[in-house]
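K.L.:
just coords:
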Ligand code: PEP
Ligand code: MN
């Protein structure tokens, strides 16, 4: 961290700042120039509040030279992390497709979709039991009744399951779930992140719809700081001024994250676009950009889906998409 002082700073105030920083085990290297004085802070500055320093009377500007995340940072962990979801690996050379309905709606619906996505080559089954809906009048998911159906579908197909946790109170019901999804709306629910940091289960951390990549990595850091390093990042689209699609799929987040972090990165083209006809093109783009996997919503009867029908692929469309994704994988 670099702190530039105002030209006529009060030396007494500088002394107060120096003592405060040294209390936090940060060493100061002072560079007195003709125009300005610059302090180089040496040591672990991740716990130093940049805004707090910036608003001090003697301070002109503060610049971070090191990212505030450590455990998620590639600089301190150069090799790619591979997350193992009950035998299915994600990360480095391991590409995994998570597919299934937006919501678990019934026994029959889930079994039909689970078998079809397995036959088409998916390696993990997705399905929401607890659903975060914008409207309180919309279908809220089968909730605790949905989890046993997912476990049954896993038994039938052998596919590990990923499903969304919305609240700490639901954790007991998730004891047998293979991978916990933290949705876009909960990406900055820090108490929830701390709690799952104590778990050893793989976590699929979706990007908040208005979150920067750094904020997203800081959320991963929350989970990892608690001791759980099994984190997969999932780009699911961000909000912009554009209204033609539900969100904008930030494909560039894939190479950016690979540069900044060692964690696996997957892309969800379903929530990114909101329309089934755009899902396959964006799945291919994400694969070509180097994603470690995809999350795709699939339904046996999209017009009658209780949630996210317009963006759900039919069973046939999904099988077709998988064939195309495999073509890209073969040449990348
Ligand atoms: C979902 O996966 O069904 C979901 C609600 O995703 P997101 O949190 O990305 O909106
Ligand atoms: Mn959905």
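P.N.:
Received the coordinates, thanks. Remember, it's a predicted structure, so these values are computed and weren't measured experimentally. Numbers count the residues shown, from 1 in each chain. Ligands and ions are numbered 1, 2, ... in the order given.
K.L.:
going forward, measure contacts between C-alpha atoms and count neighbours the same way
P.N.:
Fine.
K.L.:
ranges for the strands of the stretch 101-250 of the chain?
P.N.:
Assigned by DSSP state E, counting those that start in this stretch, the stretch 101-250 of the chain shows strands spanning 124-126, 161-164, 179-182, 203-206, 231-235.
K.L.:
Tell me the strands beside the last one, with direction?
P.N.:
Meaning strand 231-235. strand 203-206 (parallel), strand 265-267 (parallel) (DSSP bridges).
K.L.:
what phi and what psi does the backbone show at whatever residue of the stretch 201-332 of the chain ends up closest to ligand 1?
P.N.:
Nearest residue of the stretch 201-332 of the chain to ligand 1, counting by C-alpha to the nearest ligand atom: residue 236, 5.2 Å away. When read as degrees, to the nearest 10, the backbone of residue 236 gives phi -130, psi 20.
K.L.:
Per-residue pLDDT of it, please?
P.N.:
At residue 236, the model reports a pLDDT of 98.
K.L.:
hang on, isn't it packed against residue 205?
P.N.:
No - contact criterion C-alpha atoms under 8 Å: residue 236 and residue 205 do not qualify, at 10.1 Å.
K.L.:
anything in contact with each of the two?
P.N.:
Counting by C-alpha atoms under 8 Å, 6 or more residues apart in numbering, the shared contacts of residue 236 and residue 205 are residue 184.
K.L.:
From residue 327, how far off is residue 74?
P.N.:
29 Å (C-alpha to C-alpha, to the nearest Å).
K.L.:
quick one, which of the two is more surrounded?
P.N.:
Using other C-alpha atoms under 10 Å, the more surrounded residue of residue 74 and residue 327 is residue 74, with 19 against 13.
K.L.:
For ligand 1, see how far away the more buried one is.
P.N.:
Distance of residue 74 to ligand 1, computed by C-alpha to the nearest ligand atom, to the nearest Å: 25 Å.
K.L.:
For the remainder of this discussion, apply numbering that starts at 7.
P.N.:
Understood, numbering begins at 7; the last thing we discussed is residue 80.
K.L.:
Ignoring the adjacent residues along the chain, who's closest to that residue?
P.N.:
Counting by C-alpha to C-alpha, 6 or more residues apart in numbering, residue 80 lies nearest to residue 267, which is 4.4 Å off, once chain neighbours are set aside.
K.L.:
For the residue of the stretch 207-338 of the chain closest to ligand 1, which residues are in contact?
P.N.:
By C-alpha under 8 Å, 6+ apart, the residues touching residue 242 are 190, 212, 213, 215, 255, 256, 273, 274, 275, 276, 277, 278.
K.L.:
same thing but 7 Å
P.N.:
Residues in contact with residue 242 (C-alpha atoms under 7 Å, 6 or more residues apart in numbering) are 212, 213, 255, 273, 274, 275, 277, 278.
K.L.:
Does anything pack onto the helix or strand hosting residue 326? Which helices or strands?
P.N.:
Taking DSSP states H and E as the criterion, residue 326 maps to helix 321-337. Secondary-structure packing of helix 321-337 (3 or more C-alpha pairs under 7 Å, 6 or more residues apart in numbering; DSSP states H and E): helix 113-126, helix 282-294.
K.L.:
Please give the centre-to-centre distance between that helix and its chain.
P.N.:
24 Å (C-alpha atoms, centre = their mean, to the nearest Å).
K.L.:
any idea of the mean pLDDT in that helix?
P.N.:
98.
K.L.:
With stretch 80-98 instead?
P.N.:
Averaging pLDDT along stretch 80-98 gives 96.
K.L.:
Figure out the length between the terminal residues of that stretch.
P.N.:
End-to-end distance for stretch 80-98, by C-alpha to C-alpha: 13 Å.
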